[in-house]
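In: This is a predicted model, with the sequence first.
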Amino acid sequence: MNILFLGSGTSTGVPVIGCDCRVCCEARRPGSRQARLRSSVLVQTSQTTLLVDSGPDLRQQALRYGLTAIDAVVYTHQHLDHVAGFDELRAFCWHRDSPLPMYAGPQTLAQLRQMYAWAFAPSNTWKGYVHPDAHDHGGKPFVVGDVEVCPVPVVHGRVETFGYVFRSGGRSFGYVPDIKELPESSVPLLQGLDALAMDALGTVPHFTHLTVEENIALMHRLQPGLGLVTHTGHRADYEDLAAGRFPGWPSFLRPAYDGLSVEL
């Protein structure tokens, strides 16, 4: 199983429009790992390709990393930085004879149906448009190809939000890009994974996201083989993260970055 980070940034991306802080200035340099598109990952095996979220940078991400085909889309929640690239999914429907499977919780599916009513309408019969095959997973595990997917309920503001654990070939990867609190009932689902990528917005406390310090504390509790910090904003300096310049930083923790590929 291979994980490709299409984007590792928060809702504003990095650099932030109109910001001239040091991180944003460095992010404008070609090739800088401070630059972060909106968060999304690709989970791939030899048989299956899953896209997690269709954010507003999907077109740019697909062109940058040569993404031409997917088997399904898995949604974490309904916030715009995770769904606003929905129309770009047309490119993955042009060569399909069947609708594109999409998996999400009930609130996210309801929001997608409202935002993109044309796609879900029975009158949408035009070849090449987005044709969703919508699945409400209801928080229950499901299977796509040779990948088992387990939804993990988390607390992120006022919207229903899921992280996911992907399993294939005896390997496991957890992806939780948006989280402020981990319910006790969800803790066992994320413990002891081969790899776990989790939200860490920055160093300033936020009411819907983990700080770097809070991420570190959770990582110590969950003990993955490899921990990855993602969904970071311009108050998170990549160089500080890469050097582990935070109290209690565990040896297994690394910062994710756009284009990072992790093979499990």
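Out: In hand now; what should we look at? Numbering: from 1, shown residues only.
In: Please count neighbours and contacts with C-alpha atoms only from this point.
Out: Noted.
In: for this protein, what spans make up the helices?
Out: Under the criterion DSSP state H, the chain contains helices at 22-27, 58-65, 80-83, 106-115, 117-120, 187-190, 212-222, 238-243.
In: List every C-alpha atom in the fourth one, with coordinates, as PDB.
Out: If I follow you right, that is helix 106-115. The C-alpha coordinates for helix 106-115 follow below in PDB (Å, rounded to 0.1, in the frame of the first residue of the first chain):
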ATOM      1  CA  PRO A 106     -24.800  11.100   6.000                       C
ATOM      2  CA  GLN A 107     -24.200  14.800   6.700                       C
ATOM      3  CA  THR A 108     -21.500  15.100   4.100                       C
ATOM      4  CA  LEU A 109     -23.500  13.300   1.400                       C
ATOM      5  CA  ALA A 110     -26.500  15.500   2.200                       C
ATOM      6  CA  GLN A 111     -24.300  18.600   1.700                       C
ATOM      7  CA  LEU A 112     -22.800  17.200  -1.500                       C
ATOM      8  CA  ARG A 113     -26.300  16.600  -2.900                       C
ATOM      9  CA  GLN A 114     -27.300  20.200  -2.100                       C
ATOM     10  CA  MET A 115     -24.200  21.800  -3.400                       C
END
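In: Other residues contacting it?
Out: Residues outside helix 106-115 that contact it (CA atoms under 8 Å, 6 or more residues apart in numbering) are 75, 77, 78, 83, 119, 120, 134, 136, 137, 138, 159, 160.
In: gap between stretch 86-103 and the chain center?
Out: 19 Å (CA atoms, centre = their mean, to the nearest Å).
In: Distance across it, terminal residue to terminal residue?
Out: One end of stretch 86-103 to the other measures 13 Å (CA to CA, to the nearest Å).
In: Can you give me the buried ones in that stretch?
Out: For stretch 86-103, burial by neighbour count (16 or more other CA atoms under 10 Å) applies to 86, 87, 88, 89, 91, 92, 93, 100, 101, 102, 103.
In: swap in stretch 45-52?
Out: For stretch 45-52, the neighbour count (16+ other CA under 10 Å) marks 45, 48, 49, 50, 51, 52 as buried.
In: for stretch 55-72, same thing?
Out: For stretch 55-72, burial by neighbour count (16+ other CA under 10 Å) applies to 55, 56, 57, 58, 59, 61, 67, 69, 70, 71, 72.
In: can you redo those residues as JSON lines with distance to residue 260 and pLDDT?
Out: Listed next are the buried residues of stretch 55-72 as JSON lines, based on distance: CA to CA, whole Å; pLDDT from 0 to 100:
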{"residue": "55", "distance to residue 260": "18", "pLDDT": "98"}
{"residue": "56", "distance to residue 260": "19", "pLDDT": "98"}
{"residue": "57", "distance to residue 260": "16", "pLDDT": "98"}
{"residue": "58", "distance to residue 260": "16", "pLDDT": "98"}
{"residue": "59", "distance to residue 260": "18", "pLDDT": "98"}
{"residue": "61", "distance to residue 260": "13", "pLDDT": "98"}
{"residue": "67", "distance to residue 260": "15", "pLDDT": "97"}
{"residue": "69", "distance to residue 260": "19", "pLDDT": "96"}
{"residue": "70", "distance to residue 260": "19", "pLDDT": "98"}
{"residue": "71", "distance to residue 260": "21", "pLDDT": "98"}
{"residue": "72", "distance to residue 260": "21", "pLDDT": "98"}
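In: Pick out whichever of those sits closest to residue 37.
Out: residue 57 (6.5 Å; CA to CA).
In: roughly how far apart are that closest one and residue 7?
Out: Taken as CA to CA, the span from residue 57 to residue 7 is 8 Å.
In: if I look at these two, which residues touch both of them?
Out: With CA under 8 Å, 6+ apart as the test, residue 57 and residue 7 both reach 37, 38.
In: pLDDT (mean, whole number) over stretch 135-142?
Out: For stretch 135-142, mean pLDDT is 98.
In: okay, how far is it across that stretch, tip to tip?
Out: First residue to last in stretch 135-142 (CA to CA) measures 10 Å.
In: mind listing what the residue most central in space within the chain touches?
Out: In the chain, the residue lying closest to the centroid (CA atoms, centre = their mean) is residue 40, at 3.7 Å. Residue 40 makes contacts with 5, 6, 7, 8, 51, 52, 53, 54, 55, 82, as judged by CA under 8 Å, 6+ apart.
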